[in-house]
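# have a look; sequence and predicted model below, questions after that.
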Amino acid sequence: MDNIYKPYLAEIAEIIDETPDTRTFKLKLKDPEVAKNFSFKAGQFAEYSVFGEGESTFCIASSPTRTDFLECSFKVYGKVTQALNRLNQGDTIGFRGPYGNHFPLEELKGKNVVFIAGGIGLAPVRCVIDNVLDWRDDYKDVTIIYGARSVGDIVYKQEIAEWKARPDVKTVVTVDPGGETDGWDGEVGFVPTIVEKLAPKAENTFAVICGPPVMIKFTMPVLEKLGFKEENIFTTLENRMKCGLGKCGRCNIGNVYVCKDGPVFNYTQMKERPQEF
Amino acid sequence: MEEKIISKEDLLNLCKDVIGNGHTLITPGKTEYTVVKDTSEIVLDTTAKPTKASYKTFVFPKAEPVIYYKRGKNDVQLLDVEVEQKKTVILGAKPCDTNSFNILRHLFNWDYKDEFYNVREKQFIVIGLMCNFSDNFCFCTSVGSSPVSDKGADIFLVPLDENNYTLRVVTEKGGEFIKDYSKYLNAGDEAKTKAVTDTVKHPEIAFDSKQVHEWLGTNFENPKWDGVGDLCLSCAQCAFVCPVCHCFDIVDEDYNYTEGRRMKNWDGCQFGHFTLHASGHNPRDIQGKRYRQRVNHKFKYYVDKFGEILCTGCGRCSRGCAVSIDIKEIVSNCKD
């Protein structure tokens, strides 16, 4: 009998401490046959589980173009993320996925890209960034704007350093006023202010934005002012989920399921939804 | 569709054979559908009130394991769950129950197929029974059904007189099943059946489901939702007794330090924690929003997705509600 609730087993190959409360796991699917046939697209998510504690939903944070590991990043919040946080390298977790839709990267070839992320919201954006950078020749200007509360809250420091070192990417990192340290060489200011200051051109450009709701709320009018079209602004949503398969009934926003019709939506689609998220 | 006549005595003989053949037989008991051990337990009463709970639990159990696990030092071993495959006959289901599988099937087979549901549903033969019961909570006629509807049944029974039933074969599956029991069947009389069904009193139509659907599409923010469901105790009995509510949770249960199972348990959208994020954010943080979700899911979203109303009009949710919230009344009020 096919069992849609049965997870794959994955080994934690490496643990990276991003911030005091955020970790990244590099995962390897244990069954070689499954690992060989596994594929996903940028923006899809999965259910990660600690047996005895339960399942939790996060995006796949690594790019599908990089097949050595599957990566996920999580902030320690609830029961499952606390349990994940207690695990060590070599331990086994459950992995169910990939689920949901993805960013239309194929259709957007030939355009400029602006990435805007805040806090742990960089995780789902990072997989798109790496995907675009691996297909660098297919896109025009690439701009990354990332904001964190403080210098200590910045995730993916290693990747950010790599992006900064590339001449073909414009990377700007900012921290909220008061979050800077003495040696801080980045920007200081909230994400919407920095976006307004940098004023990326809207023509032939698509934007990927993810972060806390308040950041998105204040960045959207800035993008509109810069001339970005709603259908060219993409975001990825998160809601509480259990099955990830469009059955358990809790992640819907109106008549769309975030797990099946999302998690990636453009802003036209977002505006059509009842405001219940 | 083929109509036959079966005597009461032979219907009981048929049931005896069903049990004798090793199949499971289920009929409405005093409070819920129960498995029949002896045919003397069978009471077929068209005037009986719907049982407190539907027979949903026989295809979609309240709690069921989906995987067993064993933890080693670093390793985990997963063991599959087998679902028992046993032919099951439901005898005497009311029309408001018979349609439930037709509605649920869409959800469990939408893209990903939930075989836990499918394997069980395939074993089922649903024998419906015309209904002569009606109270203030019934509204099957408002959601496209009726007390004489055979929708969703494989076989449908209409009591003709003291001693005889009309047995109508509705589906191919029903025809296949009844073949083994053809010795109990006599030639049918459609005119007689119609004479009986024509006298059945139908519950009044309380609302036009198409208009409700339309209204819901443009009234998500309507102030009418304020206070709707404020009385609600968030007990979710409405979801648990519903023939078609299907929301569930996935939870791990440890037996001991090394072994356990992952469960699929019934859940309900009226629980405050149903949509609560770990961060504390809750998209449906107040009862009004949760009741709005309940009505919309049943009369708008499910219709948009699968073309079916997620409601059979049985009225169980309202009949059993501790604070007398009546879904019929609320839905009837979904208009300008």
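Cool, the structure landed. Note that the coordinates shown come from a computational prediction; the quantities given were computed from them, not determined experimentally.
# okay, CA-based contacts and neighbour counts for the rest of this
Will do.
# can you tell me the SS state at B:Phe156?
Reduced to three states with DSSP: H, G, I helix; E, B strand; the rest coil, the structure at B:Phe156 is strand.
# check B:Asp10 too.
B:Asp10, by the three-state scheme (three-state DSSP), is helix.
# and the residue nearest in space to the middle of chain B, what's its pLDDT?
In chain B, the residue lying closest to the centroid (Cα atoms, centre = their mean) is B:Pro243, at 2.4 Å. B:Pro243 carries a pLDDT value of 96.
# could you do the one 10 residues further on as well?
According to the per-residue confidence, B:Glu253 scores 95 in pLDDT.
# count of neighbours near it?
A count of nearby residues for B:Glu253, using other Cα atoms under 10 Å in any protein chain shown, gives 18.
# give me every residue that touches it.
A:Gly52, A:Glu53, B:Gly260, B:Arg261, B:Arg262, B:Met263 (Cα atoms under 8 Å, 6 or more residues apart in numbering or on different chains).
# among the residues you listed, which are located in strands?
Per DSSP state E, strands hold the following members of the contacts of B:Glu253: B:Gly260, B:Arg261, B:Arg262, B:Met263.
# so what's the residue in the stretch 51-200 of chain A that chain B sits nearest to up against?
Nearest residue of the stretch 51-200 of chain A to chain B: A:Asp91, at 4.6 Å (Cα to the nearest Cα). Contact partners of A:Asp91, counting by Cα under 8 Å, 6+ apart, are A:Glu11, A:Ile12, B:Asn74, B:Asp75.
# ok, the first one touching A:Asn88?
No - applying Cα atoms under 8 Å as the test, A:Glu11 and A:Asn88 come out as separate, 9.9 Å apart.
# quick one, which of these two is more surrounded?
Looking at A:Glu11 and A:Asn88 with other Cα under 10 Å, you find the greater number of neighbours at A:Glu11, namely 22 against 15.
# which ones are touching the more buried one?
A:Leu27, A:Lys28, A:Leu29, A:Lys30, A:Gln89, A:Gly90, A:Asp91, A:Thr92, A:Ile93.
# can you pick the most crowded of those residues?
That'd be A:Thr92 among these, by other Cα under 10 Å, with 27 neighbours.
# can you tell me what sits against stretch B:160-167?
The contact list for stretch B:160-167 (Cα under 8 Å, 6+ apart) reads B:3-9, B:155-159, B:188-189, B:192-193, B:196.
# same question for stretch A:255-267.
Outside stretch A:255-267, the residues that touch it by Cα under 8 Å, 6+ apart are A:43-44, A:99-103, A:230-239, A:241, A:244-246, A:251-252, B:297, B:300-302, B:304-305.
# returning to that earlier point: list only buried entries from the contacts of stretch B:160-167.
Buried by 16 or more other Cα atoms under 10 Å in any protein chain shown: B:3-8, B:155-159, B:188, B:193, B:196, out of these.
# show me where the stretch 51-200 of chain A has helices.
Here the stretch 51-200 of chain A has its helices, by DSSP state H, counting those that start in this stretch, at A:79-85, A:122-134, A:157-165, A:191-198.
# wait, I meant the stretch 201-336 of chain B
B:209-218, B:237-241, B:287-296, B:302-306, B:316-319, B:327-332.
# thinking again about what came up before, the buried ones among the contacts of stretch B:160-167 also near chain A: which ones?
Applying Cα under 8 Å from any Cα of the partner chain, the subset of the buried ones among the contacts of stretch B:160-167 adjacent to chain A is empty.
# just put the helices of the stretch 201-336 of chain B in CSV and tack on distance to B:Thr88.
Below are the helices of the stretch 201-336 of chain B laid out as CSV (distance: least, Cα to Cα, whole Å):
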stretch, distance to B:Thr88
helix B:209-218, 33
helix B:237-241, 21
helix B:287-296, 31
helix B:302-306, 27
helix B:316-319, 24
helix B:327-332, 32
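# okay, those in CSV with distance to chain A next?
Compiled in CSV, the helices of the stretch 201-336 of chain B are given as follows (distance: least, Cα to the nearest Cα, whole Å):
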stretch, distance to chain A
helix B:209-218, 9
helix B:237-241, 12
helix B:287-296, 8
helix B:302-306, 7
helix B:316-319, 18
helix B:327-332, 17
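# now the ones you listed in TSV, with mean neighbour count?
Compiled in TSV, the helices of the stretch 201-336 of chain B are given as follows (neighbours: other Cα atoms under 10 Å in any protein chain shown):
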stretch	mean neighbour count
helix B:209-218	16
helix B:237-241	22
helix B:287-296	22
helix B:302-306	16
helix B:316-319	23
helix B:327-332	18
